Each structure stands twice: as C-alpha cells, then as structure tokens.
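[1] All I have is the shape, not the residue letters:
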C-alpha cells in the first residue's frame, strides 16, 4: 500500500464529481504527490512533472471525473457505492422524466420510444433477477446478459426468437445501450438524484463493426440499372438517385412532401434529427429522374395537394400513402440483391455514407458537408474526412509516380 494511506482514508464519503475544491484539498494532503500521483498521473495522459504546483495545475485542467476514475483505479474510493444507485422500481418513472426533458428540447418521438424500450429492458432484467437497486454491479450483469443472453433456453428476453432474443447482439447495438444509459444516468446526476453516474466506472462499449463501408460507383450504377428494370422503374430510380445525390436519411426521404420540393431549383427542405430543417440539393441527372417520376401514369400529379408525400408506397397496407422507412429499407435491400451488390450492409444509410465519401473525394469541404448532412457536431463529419484521406492515400500508393520508373 502507498505510504499516503496513513494520511488519506480509503473512502471519501462526501465527494462529488464536480467538486474541484475537494480534489485540490486531496492534492494538498501530505505524501499524495509522492506516492499516489505517480500511479494516477499516467492514467490522465500526463507526463509526471517536477513541480508539485505543475501537477496541481495539470490535474485541475482535466475533467474532475477523470481524476476521480484515476484515483479509483489507484485503489482510493472517492464515493459511497450507493451514491450511484437508483431503485429498480423507480426506473420507469425516472425514464419518463428523462423523456420529458428530451421532448422539451424538441427531439424526435422515435428517440423517446427507443429510450423507453432500453430502460424497460433493463428494469425487466433487474426485476427478473431480484435486484432491488441499479448501480455499477447490476449494470455490469446486465451488459453481460446482453452479450450472452441469446444462449439461454428461452432467449435473452424470455420470449424465444422474438425481438432477436436468440441471436447475438451486434457491437452497434451494445454501443446504443451504452450511449443511452450514459445519457440517462448523466441526467440523473444533473437532477441531483445520484452523486455520479455508475456508467462512469464501466468500460465503454465501442462499435467495432465497420458500419461506414460505402458503395463503389459501379455498385451505385448497378443499383440504378436494376431500379430501371423493376416493377416501378421511375419511382425506384428516383429514390436511388436521390439517396445517392443528396445524402438524406431514410426518415428524411420518407417525410418529404410536395410542398418541400423545388424541381426547378433542384432543392428540397427536409426535416432532420431534432426537428431541424435544412436544405438539400441534387444534380441534373437526379432532377431528370424526379421529373420523369412525377409524370408517371400512376402518380397522377394533377390530383396532388401540397401536403401529399413525394415518394408513395405502391403496394401493401400503406399503398397510396407515404413510403415508410421500413418499406424503403426493404426496397433498397431487394434491389441490392437483384443487382448482385456484395456489401456488408445494403441500406439507405449506406447511400448516406457514400454521398459523404464521394463528395470529399471530389474536393468538397468539411463545413459544407456538415451542413448538407445535418450533423450537429463537426466531429461526426470528421470521421468521413479521415476515411476519405485513407482512401486517397491508398489510391496514391497504387498509382505512385515513383513506381512507374523501371529502374
């Protein structure tokens, strides 16, 4: 044990994650700098300095939660365990408060539905397991159940194959649980219901699957040709070209109404995440396909009202109504199979990735791309820049002028 243990108790019951004064007092405790910080500082990505004042300055510049986690790893518990726990039976009520906060900020109803489902599954697991509270240990058990629960006799959710209960969850799904639970418990911290988030003490679930593999241009051309030969050629070609040329999300395309579209200016107003409107544009070929679609015999444009949907479902129970996102995904997947497109995920969202990569390859700038894609943070857009740079570098290496020399 560190010599500082004689001066510092193993538990700091009054500690709060945002209490920088407490961190400062801790650093003033005798022997801390000599005995604890050599263990803690490397975890904070700091180079151990010579001056104790420099140590204090560098540590205080880091988020306090990182200092707390580093001290936890060094063997010093800064909070009582129950300060990060909530009662199992209160989860539904707390989730409703969390969702109310979301609705007030103008976010999508789909997000509240997803949040309710995720927290509901957590509460179901805890109740079935006889857990009275939800904290670090319980969340660790839940994530272990997410990973391994499909092997149970009745599946992950006790419903057999329903809700993918007998299939392993993808890294993307695990990352979705992680992301929303972190948001949920951070909300509880802000509401002063708990002192700190139990998710802070858990390893982050990373989406290690490669979800951003774009189509090649040859694959997009194959999809266009397949759409042209399908049962509803003009509509399907317009959809493929529009997805590729505008980078819209599936829900944004399905939500388009006649009043949103300006065929002459080749632009449309879409409603994106967070109920935010933005303009998207497209090129001449897509414009020609859209005009041909709107002249289609089954479209009957003269009967349309401004609030009528642009892309209409032709079959099924929603025939004559706006195409649903589920219907759109099924259409793109079906066209992909017929076109022989070999890719991990042939979906409307793959067109969004492809749009971003092709735009950057053709010399587009990141700020314009951020606006066109409706990203609230430029960090999201930066991921496409990194992919495009790697692609350009690989292409250069294959076409290196130096390799053209025969000597």
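    Great, that's in hand. Note that the structure is predicted; figures quoted are calculated from it, not measured.

[2] which element is the residue positioned nearest the centre of the chain on?
    By Cα atoms, centre = their mean, the mean C-alpha position of the chain lies nearest to residue 176, the distance being 6.7 Å. Taking DSSP states H and E as the definition, one finds residue 176 inside helix 171-190.

[3] So which residues make contact with that helix?
    Residues outside helix 171-190 that contact it (Cβ atoms under 8 Å, 6 or more residues apart in numbering): 17, 84, 86, 94-95, 97-98, 101, 114-115, 118-119, 122, 139, 143, 146-147, 194-199, 204-209, 211. Placement of C-beta: from N, CA and C, glycine included.

[4] Filter those residues down to the ones in helices?
    Residues of the contacts of helix 171-190 located in helices (DSSP state H): 94-95, 97-98, 101, 114-115, 118-119, 122, 139, 143, 146-147.

[5] okay, now residue 185: neighbour count?
    Residues near residue 185, counting by other Cβ atoms under 10 Å, number 24.

[6] ok, the nearest residue to residue 373 once chain neighbours are set aside - contacts?
    Excluding the flanking residues, the one nearest residue 373 by Cβ to Cβ, 6 or more residues apart in numbering is residue 247, at 5.4 Å. Residue 247 makes contacts with 280, 351-352, 355-356, 359, 372-373, as judged by Cβ under 8 Å, 6+ apart.

[7] Quick one: the residues you listed as CSV, columns for secondary structure too.
    Output for the contacts of residue 247, formatted as CSV (DSSP: H, G, I helix; E, B strand; the rest coil):
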residue, secondary structure
280, strand
351, helix
352, helix
355, helix
356, helix
359, helix
372, helix
373, helix
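
[8] for these, which one is nearest residue 234?
    residue 351 (18.3 Å; Cβ to Cβ).

[9] picking that back up, in a markdown table: the ones in helices among the contacts of helix 171-190, plus distance to residue 365.
    What follows is the ones in helices among the contacts of helix 171-190, written out as a markdown table (distance: Cβ to Cβ, whole Å):
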| residue | distance to residue 365 |
| --- | --- |
| 94 | 43 |
| 95 | 41 |
| 97 | 41 |
| 98 | 37 |
| 101 | 35 |
| 114 | 33 |
| 115 | 35 |
| 118 | 37 |
| 119 | 40 |
| 122 | 42 |
| 139 | 42 |
| 143 | 40 |
| 146 | 40 |
| 147 | 41 |
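
[10] most surrounded residue in those residues?
    Ranked by neighbour count (other Cβ under 10 Å), these have residue 122 at the top, with 25 neighbours.

[11] and the gap between the closest residue to residue 194 other than its chain neighbours and residue 172?
    Leaving aside its sequence neighbours, residue 194 sits nearest to residue 188 (Cβ to Cβ, 6+ apart; 5.0 Å). Distance, residue 188 to residue 172, using Cβ to Cβ, to the nearest Å: 25 Å.

[12] who's more crowded, these two?
    Taking other Cβ under 10 Å, residue 188 and residue 172 do not tie; residue 188 has more neighbours (19 against 13).

[13] Just the pLDDT for that one.
    Per-residue pLDDT puts residue 188 at 91.

[14] where are the low-confidence patches of the chain?
    Scanning the chain for pLDDT under 70 picks out 1-82, 103-108, 207-212, 297-303, 390-407.

[15] How is it divided into domains?
    3-79, 85-201, 217-398 (automatic domain parsing).

[16] which parts of the helix holding residue 176 are buried?
    Neighbour-count burial for helix 171-190, counted by 16 or more other Cβ atoms under 10 Å, picks out 174-178, 180-182, 184-189.
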